[in-house]
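sharing a model prediction with you, sequence too.
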Amino acid sequence: MEEPEIRHEETTNRWVIIASCRMKRPREGKSPLSQCPFCPGNEHMTPPAWLVYSRVGSKLVKLADGENEKVRNWLVRCFPNMFPALKSDLPFEEKFDEGFFTTTSYSGFGYHEVIVESPDHNAHPHNNSVKDLELVVEAYFDVMTKLSYEKNVKYVCLFRNYKLEAGASISHPHSQVIALPIVPPIVRREVRAAQKYNRDRGGCMYCDMIEFEVGSPRLVYADEYYVVIAPWASILPYEFWIIPRRHEPSFINTHPKERKALSRVLKTTLLALRKVLNDPPYNLGFHVAPLQWKGESYHWHIEVYPRTAKLGGFELTTNAYINTTPPEKVADDLRKIVEKLRV
Ligand SMILES: [Zn+2]
Ligand SMILES: [Zn+2]
Ligand SMILES: [Zn+2]
């Protein structure tokens with residue numbers, strides 16, 4: 001089976017993308033690739049970029065590669081993943097006719113894009129400048145906005161894997177965006193919980209949580225636009241969430257000022273994480289309101305998962321977690337460093 005397929009498992013209510021083409025992707029493993037496909041000069045190693053940030057004088061310009069002519073002197077570039085988990089040229093179809101297990105499966109329709117965050121092979125958020133990170137956050141915004149308006153897309157998932165242990169097969173700073181024809185289970189659960197809270201108690205669960213947590217021992221960072229907390233029931237050691245103060249269901253409706261402020265928060269918190277845990281691998285992901293849903297009571301945020309602990313049998317077989325590090329200690333450790341940093 002070459003083409004990807006989205007399968008739903010009825011007994012567990014799990015969704016899985018079966019994507020054998022992802023097996024062919026190059027991996028750096030212990031030794032780096034001889035050529036980094038994301039470094040300047042190697043643009044021919046990737047598909048043409050449909051969004052390229054560059055500068056003319058001091059002015060930021062948004063361009064696109066031609067089929068044979070790639071934009072040079074780029075700052076950020078976005079192109080389709082060479083080894084996509086989902087493909088936009090597949091027909092969008094719900095499959096009903098393949099027997100018991102595939103009654104609610106889909107073809108592998110979707111989008112899988114790569115955002116290369118910098119021409120610098122080492123400019124990860126912890127050592128990138130806040131100014132250059134603003135471009136990365138702006139590219140997140142542009143790419144998520146574009147994919148949100150594509151036909152049959154129900155959810156746009158943006159995530160960042162840092163280091164091989166967190167799933168990054170190439171070490172050059174990059175993020176990925178997968179646009180799905182389904183709403184993923186965690187987001188579905190969070191939206192339903194927010195809707196229920198709104199019905200039962202009024203207001204927004206996240207807005208109220210921020211108000212409470214700002215005065216709690218789980219507070220990591222707070223500024224005019226964002227609050228960062230180690231969540232009450234963190235599943236992994238040093239997990240933290242970045243939550244905007246202004247109630248807004250989706251990142252694609254944020255204001256320019258909020259996006260600028262986010263680059264500072266990302267740099268500060270990820271640098272603090274690096275200092276506390278000696279440069280750990282991590283995954284970072286956005287949670288936003290699903291498209292075509294009434295998600296007014298939802299509140300977008302970012303979740304960061306350091307990958308220092310391996311998931312074991314208990315976690316995989318129960319979907320519940322044993323976390324050895326209390327979030328109150330995590331917040332204390334991170335806060336001490338954040339207070340010194342204030343980049
Ligand atoms: Zn590189
Ligand atoms: Zn809210
Ligand atoms: Zn969430």
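Cool, the structure landed. Ligands and ions are numbered 1, 2, ... in the order given.

any idea how far H301 is from ligand 1?
Using C-beta to the ion, to the nearest Å, one gets 30 Å for the distance from H301 to ligand 1. Just so you know, the C-beta spots here come from the backbone N, C-alpha and C atoms, and that holds for glycine as well.

same check, this time on K70
Here the criterion is C-beta to the ion. By it, K70 lies 15 Å from ligand 1.

tally of neighbours for the residue nearest to that residue when sequence neighbours are not counted?
Nearest residue to K70, sequence neighbours excluded (C-beta to C-beta, 6 or more residues apart in numbering): E43, at 3.9 Å. Counted by other C-beta atoms under 10 Å, the residues lying close to E43 total 22.

what does T317 give?
Number of residues near T317 (other C-beta under 10 Å) recorded here: 8.

that one: which element?
Using DSSP states H and E, the secondary-structure element containing T317 is helix 313-318.

quick one: pLDDT of Y140?
We have a pLDDT of 98 for Y140.

alpha carbons only: can I get the helix holding T317 in PDB?
C-alpha atoms of helix 313-318 as PDB (Å, rounded to 0.1, in the frame of the first residue of the first chain):
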ATOM      1  CA  GLY A 313       3.400  -0.100  29.500                       C
ATOM      2  CA  PHE A 314       1.200   1.700  31.900                       C
ATOM      3  CA  GLU A 315       1.000   4.800  29.700                       C
ATOM      4  CA  LEU A 316       0.500   3.000  26.400                       C
ATOM      5  CA  THR A 317      -2.100   0.500  27.700                       C
ATOM      6  CA  THR A 318      -4.100   2.900  29.800                       C
END
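
elements contacting the helix or strand following that helix?
As assigned by DSSP H and E, the chain's next helix or strand after helix 313-318 is helix 327-341. The contact analysis (3 or more C-beta pairs under 8 Å, 6 or more residues apart in numbering; DSSP states H and E) places helix 327-341 against strand 219-222, strand 240-244, helix 256-277.

any low-confidence regions in the chain?
Under the criterion pLDDT under 70, the flagged ranges of the chain are 1, 26-33, 96-105, 342-343.

tell me which residue is most central in it.
Computing the C-alpha centroid of the chain and ranking residues by C-alpha atoms, centre = their mean puts F159 first, at 2.0 Å.

secondary structure element for that residue?
Mapping F159 onto the secondary structure by DSSP H and E places it in strand 155-162.

direction included, what does that strand pair against?
In the sheet containing strand 155-162, the strands it pairs with under DSSP bridges are strand 174-180 (antiparallel), strand 282-287 (antiparallel).

please identify the deepest-packed of these.
Neighbour counts averaged per stretch over these are highest for strand 174-180, at a mean of 23; criterion: mean count of other C-beta atoms under 10 Å.

roughly how far out does it sit from the chain middle?
The chain centroid and the centroid of strand 174-180 are separated by 7 Å under C-alpha atoms, centre = their mean, to the nearest Å.

now for the residue nearest to V71 when sequence neighbours are not counted: which residues touch it?
Closest residue to V71 apart from its sequence neighbours, by C-beta to C-beta, 6+ apart: V52 at 4.4 Å. Listed by C-beta atoms under 8 Å, 6 or more residues apart in numbering, the contact set of V52 reads 62-65, 71, 74, 76-78.

same question, H174
Under the criterion of C-beta under 8 Å, 6+ apart, the contact list for H174 reads 38, 114-117, 160, 168.

over to I18?
For I18, the contact set (C-beta under 8 Å, 6+ apart) comprises 1, 4-7.

what about burial for those residues, which qualify?
For these, a burial check counting by 16 or more other C-beta atoms under 10 Å picks out 4-7.

before we move on, the earlier item: would JSON lines of the contacts of V52 with neighbour count be doable?
Formatted as JSON lines, the entries for these read as follows, by neighbours: other C-beta atoms under 10 Å:
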{"residue": "K62", "neighbour count": "12"}
{"residue": "L63", "neighbour count": "15"}
{"residue": "A64", "neighbour count": "14"}
{"residue": "D65", "neighbour count": "19"}
{"residue": "V71", "neighbour count": "17"}
{"residue": "W74", "neighbour count": "20"}
{"residue": "V76", "neighbour count": "26"}
{"residue": "R77", "neighbour count": "29"}
{"residue": "C78", "neighbour count": "23"}
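
please list the members of the residues you listed that lie in strands.
Counting by DSSP state E, the contacts of V52 place 62-63, 74, 76-78 in strands.

pick the one among the contacts of I18 closest to ligand 2.
In terms of C-beta to the ion, no member of those lies closer to ligand 2 than I6, at 30.3 Å.

the closest residue in space to the closest one that isn't next to it in sequence and S171, how far apart?
Nearest non-adjacent residue to I6, counting by C-beta to C-beta, 6+ apart: Y106, 4.1 Å away. As defined by C-beta to C-beta, to the nearest Å, Y106 lies at a distance of 32 Å from S171.

show me which of the two is the more surrounded one.
For Y106 and S171, the more surrounded residue by other C-beta under 10 Å is Y106, and the numbers stand at 24 against 17.

okay, and the beta partners of the more buried one?
As for beta bridges, Y106 partners with I6, E94 under DSSP bridges.

list the contacts of it.
For Y106, the contacting residues are 5-6, 92-95, 181-182, by C-beta under 8 Å, 6+ apart.

got it, and V228?
Taking C-beta under 8 Å, 6+ apart as the criterion, V228 is in contact with 219-222, 240-243, 265, 269.
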